[in-house]
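1. From the sequence below, what's the structure:
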Amino acid sequence: MPQITEIYLPASAPENESYGQLPPRASFNGNGHFAVRFEIEVWYNSFWRQKTVDQIAPSVTSSNILLGFSKSGLGALNIAIENPKMFDAVVIFDAPLMHLSLPPWNTSDFYTQETWERDLPQNHMESISMLSAQTRIIHIGGRAFHEDHLAFQALCEDTMISCEHHHHPEYTHSWTSGWVEEALASALAP
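-> Residues are numbered from 1 along each chain as shown. Now for the predicted structure:
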């Protein structure tokens with residue numbers, strides 16, 4: 001069985017624990033573990049996606065699962081689109097996937113309205129379709145953005161893209177609400 005590495009993208013500033021902490025090393029079935037680290041809170045625009053890939057690249061193995069939550073969920077999808085051969089699965093939890101307006105949560109330091117819209121999934125459905133041919137796309141709608149995930153799944157179905165959707169509006173907007181274990185179980189299932 002190939003070595004599997006779980007790769008986690010931060011969703012807040014390093015000192016902000018209001019959404020829980022990244023899962024501990026070897027968090028699931030003894031898989032490898034890599035947590036991307038930044039000194040500040042980031043939104044994953046093209047500059048920060050490249051900084052993320054620069055950190056990830058030395059740690060990738062033959063099988064990699066990319067996990068993102070909230071802002072890093074949208075970042076995970078865009079990173080996987082841009083690096084389709086790097087990941088066997090991408091997991092997106094409770095992310096603003098279909099927010100047409102620039103979100104108000106410290107986003108303007110990283111995006112303009114135009115660049116925000118450019119990064120939304122609806123503008124990359126052909127790339128998402130190509131990604132889904134080799135990478136499992138698993139998305140889980142939680143309490144904060146379940147409507148975004150329903151709309152994203154409808155878009156995937158309308159364009160006949162294979163995405164695995166889990167609908168859990170009871171899951172709190174946190175690393176510790178149970179979604180990590182569910183997502184990894186799905187990603188590792190045959």
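2. Beyond the helix or strand of the chain with the lowest mean pLDDT, next helix or strand please.
-> In the chain, no helix or strand scores lower on mean pLDDT, DSSP states H and E than strand 32-35, which sits at a mean of 90. Using DSSP states H and E, the helix or strand that follows strand 32-35 towards the C-terminus is helix 46-56.
3. And for that following helix, what's in contact with it?
-> Contact partners of helix 46-56, identified using C-beta atoms under 8 Å, 6 or more residues apart in numbering, comprise 7, 9, 34, 36-38, 42, 44, 66, 75, 78-79, 82-83, 86, 110, 119. Glycine gets a C-beta too; all of them are placed from N, C-alpha and C.
4. and the following helix or strand past it with helix 46-56, angle?
-> Going down the chain from helix 46-56, the next helix or strand is strand 63-69, by DSSP H and E. Orientation of strand 63-69 against helix 46-56 (axes from the mean of the first three to the mean of the last three C-alpha atoms, to 10 degrees) gives an angle of 140 degrees.
5. what comes into contact with the next helix or strand after strand 63-69?
-> For strand 63-69, the following helix or strand on the C-terminal side (DSSP H and E) is helix 71-82. Helix 71-82 has contacts (C-beta under 8 Å, 6+ apart) with 9-11, 42-44, 48-49, 52-53, 66-68, 86-87, 90-97, 105, 107, 119-121, 124, 127-128, 131, 135, 137, 139.
6. again with stretch 102-118
-> Defining contact as C-beta under 8 Å, 6+ apart, one finds that stretch 102-118 is touched by 41-45, 48, 71, 96, 100-101, 119, 123.
7. Who wins on neighbours among those residues?
-> Y44 (26 neighbours; other C-beta atoms under 10 Å).
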